[in-house]
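# Generate coordinates for the sequence data below:
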Amino acid sequence: MASCKYINRDLSWLEFNRRVLGEAQNEHTPLLERAKFLAIVSSNLDEFMSVRVAGIRNDMINGITAMDFSGYSPAGVLKRIIRRTERLVNQQYATLRQVLDRLASYRVTFASYEDLTDAQKQEADTFFYRKVFPAIQPVLITEKESLPLLLSNRLYFSVVLRPANTESPDEFKMALIEFPDELGRYFELSPVSSTLGHTFLMLETLIKAHISVFFNEQTVADVRLFRIIRDSELSLEEQDAEDLLVEVERKLRRRKRGAPVRLEVEQDIHPHAYRLLTEHLNVEGNIAVINGPVDLSFLMKFSQSLPGFDHFKYPKHKAVYPVELKKQSIFSVLQQRDVAVFHPFESFDAFDDFIEQAAGDPAVSSIKMTLYRVSKQSRIVRSLVLAAGNGKDVTVIVELKARFDEERNIAWAKKLEKAGCRVIHGWIGLKIHAKMTLIERREPDGLKKYAHLSTGNYNGQSAKLYTDIGLFTAHAVIADDVANLFNEISDFRTHLKSKMLAVSPTDLRDTVYSLIEREMKNAAAGLPAKIIAKMNSLSDPAMIDKLYEASGAGVQIELIVRGICCLCPGIPGQSENIKVRSIVDRFLEHSRLYYFKNGGNDEVWLSSADWMTRNLSRRIEVMCPVSDPAIRQIITLLLTLQLKDNVKSHQLLTGGKYKKTASYFPYIRSQYRSLPLIVYRKHVSSRIPFTPWSGRRNIMDPFTAADSMKSY
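Numbering: from 1, shown residues only. Okay, the predicted model is just below:
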């Protein structure tokens with residue numbers, strides 16, 4: 001593949017989901033966590049189909065045949081997506097059968113109705129007639145009728161009927177039944193005795209066993225589950241919208257009517273039902289025949305809620321509250337030094353407390369922040385409402401276009417407006433993806449500004465699952481930059497210039513280019529030249545070209561890219577000095593960190609931006625230099641840990657495939673090592689020992705704070 005210049009973005013994403021599946025296939029992953037990863041594969045694939053594949057289909061409908069920068073036409077890439085997805089799903093369900101077999105060996109079973117004892121059947125029947133029967137209303141479909149509106153990602157039964165008065169063996173009718181989601185996907189039956197473990201019954205199994213009660217005059221020939229996935233892009237008409245909130249609400253109502261993109265049907269579905277569904281839905285080949293339960297997302301709840309099997313889960317992880325912030329006001333601490341909080345190893349409560357303290361502090365005059373994705377039960381929103389009630393000037397930029405969080409963000413925006421906050425509903429034409437907060441406080445020596453910048457969302461729930469870094473600072477120039485940026489966004493000014501911050505779409509790209517070019521000059525001068533870049537995705541062709549240029553100039557480049565990577569590494573004359581790794585582990589790698597050797601004067605930046613065209617050119621993003629030397633050293637060591645990971649790391653090969661890094665002694669699982677490094681640094685100021693633990697114990701098991709600290 002010496003001719004490879006760019007890897008296709010969508011095929012690269014499928015490779016990422018294959019790595020997620022690898023965690024489910026890995027026998028060292030705790031058994032119920034394997035089930036959880038199977039659920040994640042399904043959820044990931046649903047979003048991919050409803051957004052990326054939907055976009056490709058729209059290009060084909062609009063007659064677009066031009067190749068993208070990776071050399072694929074829409075038709076060509078769709079063909080490969082469908083083929084690779086089929087293989088991926090087949091492997092997913094083969095893994096599901098392995099996981100269920102293992103669970104059965106521990107007396108945790110999903111039973112068929114026929115295998116239930118008489119007592120269990122009676123219990124199941126009672127549940128059916130009390131709960132399920134009243135929730136079901138069949139809809140009869142004729143050949144000439146259109147299908148009723150079928151919601152995206154919802155399960156339905158196709159019921160094929162043979163009329164009682166027909167003499168033809170080929171005359172059938174079809175009815176549809178919407179799956180009663182409110183009842184859950186499965187339920188547990190009472191054990192026959194205290195030693196027989198857990199017996200679960202899928203709700204569809206119960207409904208199929210009783211399907212005839214809905215069709216007294218007709219014979220049921222077949223009943224199968226199916227679902228469709230629809231185009232979920234909003235396609236906002238932003239330039240013509242007088243009110244962005246109204247426009248988003250209007251498009252949300254239309255989302256459920258998006259064009260069908262994919263059809264999933266249970267194996268052995270009746271030919272009559274298959275023909276009607278495919279003819280009416282017109283999904284053009286993107287049809288999956290599923291050998292198992294349709295839609296495995298229910299395994300997420302199952303994996304986390306099964307009682308008495310904690311030994312089949314990752315040990316509970318309790319985040320550590322940052323030591324610097326425990327004994328005194330955060331404002332007092334920031335007057336002395338910056339503080340970085342590393343999630344999920346350190347608690348998001350630190351940020352919640354920051355906003356709560358500001359809301360109740362009489363000296364605080366204003367609070368400004370961006371909200372992109374917020375948890376359902378948000379302390380942040382409560383604190384902002386309290387702050388407005390206390391007479392403070394509260395400005396909140398709520399990004400209404402955050403995909404699949406639009407409805408929640410609209411609700412938060414309305415609540416904040418009602419409380420008296422000034423709410424800005426994003427910008428026309430640009431998503432505001434920057435994660436930043438500014439507190440202004442009246443102090444004896446004048447007005448003091450305190451800023452917080454983060455690589456991840458202000459979401460307390462995702463902060464328990466994603467690796468991110470939040471930087472608290474009272475650095476005068478950085479805080480002024482944040483204040484100016486808020487003013488420019490609030491006044492809808494577009495130059496977005498800063499002194500220390502780099503901001504897209506204005507100058508973030510150019511700043512990165514200049515940092516890369518500085519490494520190239522240092523390499524030419526014989527000085528140390530190295531780049532380590534950690535991000536979620538790398539797909540901007542111009543940025544990839546700049547990295548190729550740096551590689552040719554002798555700069556050593558290490559990329560840690562969790563998901564999409566369109567760069568082809570290791571090609572002589574193009575990228576021989578570039579290596580690409582991906583880490584998939586218990587926590588989702590989410591932080592965006594950029595390290596530049598700078599001739600030995602290390603420079604580190606944290607950012608909300610990946611190196612994708614949308615982040616660099618079509619969003620408001622922020623990249624912030626880390627000025628505190630102790631924090632800079634910690635981040636550098638964390639990046640070094642990830643480069644040494646030989647347990648959960650995968651290496652990108654030239655052709656776009658990934659190879660699992662060979663495990664060897666001493667084993668280094670970077671997420672396992674990160675916690676003691678982060679916690680231990682609290683007691684040593686800027687002197688941070690770095691001695692990766694080399695013991696064999698628990699190398700495949702996740703960590704707790706106490707256990708991890710034993711290595712020091």
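# what residues does stretch 504-512 touch?
Residues from elsewhere that reach stretch 504-512 (CB atoms under 8 Å, 6 or more residues apart in numbering): 430, 494-498, 502, 542-543, 546, 594, 607, 609, 611, 615-623. Every residue, glycine included, has its C-beta placed from N, CA and C.
# Tell me the buried residues within those.
For the contacts of stretch 504-512, a burial check counting by 16 or more other CB atoms under 10 Å picks out 430, 496, 498, 502, 543, 546, 594, 607, 609, 611, 615-616, 619-623.
# Among those, which ones are in helices?
Among these, the members falling in helices (DSSP state H) are Met543, Lys546, Asn615, Leu616.
# tell me the two of those that are most distant?
Using CB to CB, the two most remote members of these are Lys546 and Asn615, lying 15.0 Å apart.
# just to revisit the earlier point, please narrow the buried ones among the contacts of stretch 504-512 to those residing in strands.
Ala502, Tyr594, Ser607, Arg619, Ile620, Glu621, Val622, Met623 (DSSP state E).
# In contact with the fifth one, which residues?
What it means is Ile620. Neighbouring residues of Ile620 by CB under 8 Å, 6+ apart: Trp427, Leu430, Lys431, Ile432, His433, Ala434, Ile489, Leu496, Val503, Ser504, Pro505.
# returning to what we had before: put together TSV for the ones in strands among the buried ones among the contacts of stretch 504-512, with distance to Lys449 and pLDDT on each row.
Below are these laid out as TSV (distance: CB to CB, whole Å; pLDDT from 0 to 100):
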residue	distance to Lys449	pLDDT
Ala502	19	97
Tyr594	25	98
Ser607	21	98
Arg619	24	93
Ile620	20	94
Glu621	21	96
Val622	15	97
Met623	19	98
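# Using JSON lines, lay out those together with distance to Asn8.
Output for these, formatted as JSON lines (distance: CB to CB, whole Å):
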{"residue": "Ala502", "distance to Asn8": "29"}
{"residue": "Tyr594", "distance to Asn8": "25"}
{"residue": "Ser607", "distance to Asn8": "25"}
{"residue": "Arg619", "distance to Asn8": "22"}
{"residue": "Ile620", "distance to Asn8": "28"}
{"residue": "Glu621", "distance to Asn8": "24"}
{"residue": "Val622", "distance to Asn8": "29"}
{"residue": "Met623", "distance to Asn8": "27"}
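# Which of the residues you listed sits closest to Arg224?
Using CB to CB, Arg619 is the member of these that lies nearest Arg224, at 42.8 Å.
# Run a quick check on the closest one versus Met612, I expect a contact.
No - using CB atoms under 8 Å, Arg619 makes no contact with Met612, being 9.1 Å away.
# a helix runs through Asn487, doesn't it?
Yes - Asn487: assigned to a helix according to DSSP: H, G, I helix; E, B strand; the rest coil.
# For it, which non-adjacent residue is spatially closest?
With CB to CB, 6 or more residues apart in numbering as the criterion, Asn487 has its nearest non-adjacent residue at 7.9 Å, and that residue is Arg493.
# again with Ile532
Excluding its sequence neighbours, the residue lying closest to Ile532 (CB to CB, 6+ apart) is Tyr595, at 4.0 Å.
# same thing with Ile269?
Closest to Ile269 by CB to CB, 6+ apart is Arg224, at 4.3 Å.
# As PDB, could you dump the C-alpha coordinates of the strand or helix carrying the one you found?
In this structure, Arg224 is located in strand 218-230 according to DSSP states H and E. Listed next in PDB are the C-alpha coordinates belonging to strand 218-230 (Å, rounded to 0.1, in the frame of the first residue of the first chain):
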ATOM      1  CA  GLN A 218     -56.700 -15.900  11.800                       C
ATOM      2  CA  THR A 219     -53.800 -18.200  11.900                       C
ATOM      3  CA  VAL A 220     -50.400 -16.700  12.700                       C
ATOM      4  CA  ALA A 221     -47.900 -17.900  10.200                       C
ATOM      5  CA  ASP A 222     -44.900 -16.000  11.400                       C
ATOM      6  CA  VAL A 223     -43.900 -13.300  13.900                       C
ATOM      7  CA  ARG A 224     -40.500 -11.500  13.900                       C
ATOM      8  CA  LEU A 225     -38.900  -8.400  15.200                       C
ATOM      9  CA  PHE A 226     -37.500  -5.700  13.000                       C
ATOM     10  CA  ARG A 227     -36.500  -2.000  13.200                       C
ATOM     11  CA  ILE A 228     -35.500   0.700  10.900                       C
ATOM     12  CA  ILE A 229     -32.800   3.400  11.300                       C
ATOM     13  CA  ARG A 230     -33.700   6.800   9.800                       C
END
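# is it true that Trp13 touches Phe48?
Yes - counting by CB under 8 Å, Trp13 touches Phe48, with 6.3 Å between them.
# And the strands in the stretch 151-300 of the chain?
155-163, 173-178, 186-189, 198-202, 218-230, 260-266, 287-290 (DSSP state E, counting those that start in this stretch).
# ugh, wrong one, the stretch 501-650 of the chain
Under the criterion DSSP E, counting those that start in this stretch, the stretch 501-650 of the chain carries strands at the ranges 502-504, 530-535, 556-561, 578-583, 588-589, 592-596, 603-607, 619-625, 649-652.
# Relative to the whole chain's centre, how far out is the first one?
This means strand 502-504. Centroid displacement of strand 502-504 relative to its chain, using CA atoms, centre = their mean, to the nearest Å, is 23 Å.
# Tell me if Leu447 really is in a strand.
Yes - Leu447: assigned to a strand according to three-state DSSP.
# per-residue pLDDT, the closest residue in space to it that isn't next to it in sequence?
Excluding its sequence neighbours, the residue lying closest to Leu447 (CB to CB, 6+ apart) is Glu440, at 5.9 Å. Note on Glu440: pLDDT of 98.
# same deal with the one 3 residues further on?
Model confidence at Glu443, given as pLDDT, is 95.
# Compute the number of surrounding residues for the residue nearest to it when sequence neighbours are not counted.
Nearest non-adjacent residue to Glu443, counting by CB to CB, 6+ apart: Ala363, 6.7 Å away. Residues contacting Ala363 under the criterion other CB atoms under 10 Å number 13.
# distance of Ala363 from Leu547?
Separation of Ala363 from Leu547 (CB to CB, to the nearest Å): 47 Å.
# what does Glu443 give?
Distance from Glu443 to Leu547, by CB to CB: 45 Å.
# hang on, the earlier thing: in the sheet, who's paired with the residue nearest to Ile532?
Beta bridges link Tyr595 to Ile532, Val604 when assigned by DSSP bridges.
# And the pLDDT for it?
98.
# for Leu384, same thing?
So Leu384 comes in at 96 (pLDDT).
# OK, contacts around it?
Contact partners of Leu384, counting by CB under 8 Å, 6+ apart, are Ile355, Ala359, Ile367, Met369, Val394, Val396, Leu416, Ala419, Cys421.
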